[in-house]
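1. any chance you could fold what I've pasted below:
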Amino acid sequence: MSSRSITQLLTLSAVLVVAANGQLPPPRAHASMAYDPASRRVVLAGGSSDGQNFGDTWGWDGVRWSQLAIPALPRTSHALVFDAARGAVTMVGGADLAPPPAESFWGSGLFRLGPAGWLPEHRDSLPPRLKASVAYDPRRKRIVVFGGSVDNQPSRETWEFDGRHWRLMTATGPVARSGAVMAYHAATGKLVLFGGGDAAGDDLRDTWTWDGREWRLVDTIGPSGGRGGAAMAADEARHELLLVGGVSNHFTRLERSTWGWTGRRWEARDTLGPSARVVPAMTYDVSRKVVVLFGGRAAGRRDLNDTWEWDGRRWRDVTPKQ
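-> The predicted structure follows:
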């Protein structure tokens, strides 16, 4: 283990406050999660509910949720990724303190999780945006950002961060959208982008891949049509991408079905598991080889705080009892 990883492990362990009384993160949507290999925990940060933006940060070890005793960073509609080259959980974009259209409160650049909490880096380089598609490309050691809402309009820009500089790669490829999902597919060595919503309010069903040079359209049907606000994560043990939830039918029908992207096509995986919801948080737990899902927004704008895990065969509700 590198000295950086040891430091990260010690600092995160020091700020974890174990919720021995069964405390859970409050219900929320628009949160984000990423796996931190140093602490061997899934990190959950931010989100919103009933007009309130959360600034708390939590860790999940497969048994209990623990809150990190660090300064709050209110943020919603952002993204978390683990930047392996820099060895840190990283937050990109989103909105803080106040909901849009107050652009002065929109988040830009990125934050890294460190001993003192979320530390800003390159804050003014990436134009402010929320509901962007963000993923880490381990082959090229880049954080990749596509689209999102910029100045209240969907974007089609592709940006990359190499650890020192943000670079606008292209403004062509997929049509402008926000609320799409993107993840790295290791078997093909490419990032995969799916769905989202366009400027007309239509839910999109196209699937694209990004290799660092160009976008390529690889599927036009999608899993049971288009959807926005879904969750997608790389199921590394099964060599596929897992998609769940979202909203379809012109943003009128909540989805609960689970689909897998094999690298060539979408295949149905499960119709049970988490209830129908939009904008849940989801990531892959490398140490336990499961996909972890938390919260999201159900029908009637009811926000959730349940925890689910996917082991490649079925979903399990692992929400700690209170």
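2. please make it C-alpha for all contacts and neighbour counts, starting now.
-> OK.
3. give me phi/psi at residue 222?
-> Main-chain torsions, residue 222, degrees, to the nearest 10: phi 80, psi 170.
4. sketch out the low-pLDDT regions of the protein for me.
-> For the chain, applying pLDDT under 70 flags the ranges 1-22, 97-109, 122-124.
5. residues making contact with stretch 139-158?
-> Stretch 139-158 has contacts (CA atoms under 8 Å, 6 or more residues apart in numbering) with 83-85, 100-101, 103, 127-137, 159-163, 168-180, 189, 198-199, 212.
6. try 6 Å this time
-> Stretch 139-158 has contacts (CA atoms under 6 Å, 6 or more residues apart in numbering) with 129-136, 159-162, 169-171, 175-178.
7. which of these count as buried?
-> Among these, those classed as buried by 16 or more other CA atoms under 10 Å are 129-136, 159-161, 169, 175-178.
8. check contacts around residue 29.
-> 47-48, 279-280, 296-297.
9. which residue ranges of this protein form helices?
-> 3-15 (DSSP state H).
10. count of neighbours near residue 300?
-> 6 (other CA atoms under 10 Å).
11. also residue 166?
-> With other CA under 10 Å as criterion, residue 166 counts 20.
12. and it, how far is that from residue 110?
-> 10 Å (CA to CA, to the nearest Å).
13. also residue 302?
-> As for residue 302, its distance to residue 110 is 30 Å (criterion: CA to CA).
14. so between these two, which is more surrounded?
-> Using other CA under 10 Å, the more surrounded residue of residue 302 and residue 110 is residue 110, with 23 against 14.
15. find the nearest non-adjacent residue to the more buried one, please.
-> Spatially, and ignoring its direct neighbours in sequence, residue 110 is nearest to residue 92 (4.6 Å; CA to CA, 6 or more residues apart in numbering).
16. which residues does the one you found bridge with?
-> Counting by DSSP bridges, residue 92 forms beta bridges with residue 79, residue 110.
17. pretty sure it sits against residue 79.
-> Yes - under the criterion of CA atoms under 6 Å, residue 92 makes contact with residue 79 at 5.3 Å.
18. how many neighbouring residues does the closest residue to residue 303 other than its chain neighbours have?
-> Among residues not flanking residue 303 along the chain, residue 297 sits closest, at 4.4 Å (CA to CA, 6+ apart). Here the number of neighbours of residue 297 (other CA under 10 Å) works out to 26.
19. gap between residue 297 and residue 308?
-> Shown here: residue 297 relative to residue 308, a distance of 15 Å by CA to CA.
20. ok, residue 77 next?
-> 21 Å.
21. quick one: which of those two has more around it?
-> residue 77 (26 against 20).
22. residue contacts, the more buried one?
-> Residue 77 neighbours (CA under 6 Å, 6+ apart): 30, 94, 130-131.
23. same list (the residues you listed) but as TSV, adding distance to residue 322.
-> Formatted as TSV, the contacts of residue 77 follow (distance: CA to CA, whole Å):
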residue	distance to residue 322
30	24
94	31
130	33
131	32
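24. closest to residue 246 among the residues you listed?
-> residue 30 (11.7 Å; CA to CA).
25. report how many residues lie close to the closest one.
-> Count around residue 30 with other CA under 10 Å applied: 27.
26. and what of the one 3 residues further on?
-> Summarising burial for residue 33: neighbours were counted as other CA under 10 Å, giving 29.
27. right, and it touches residue 44 too?
-> Yes - counting by CA under 6 Å, residue 33 does reach residue 44; the two are 4.5 Å apart.
28. let me know the distance separating the residue lying closest to residue 280 once chain neighbours are set aside from residue 288.
-> Excluding the flanking residues, the one nearest residue 280 by CA to CA, 6+ apart is residue 296, at 3.7 Å. To residue 288, residue 296 is 23 Å away according to CA to CA.
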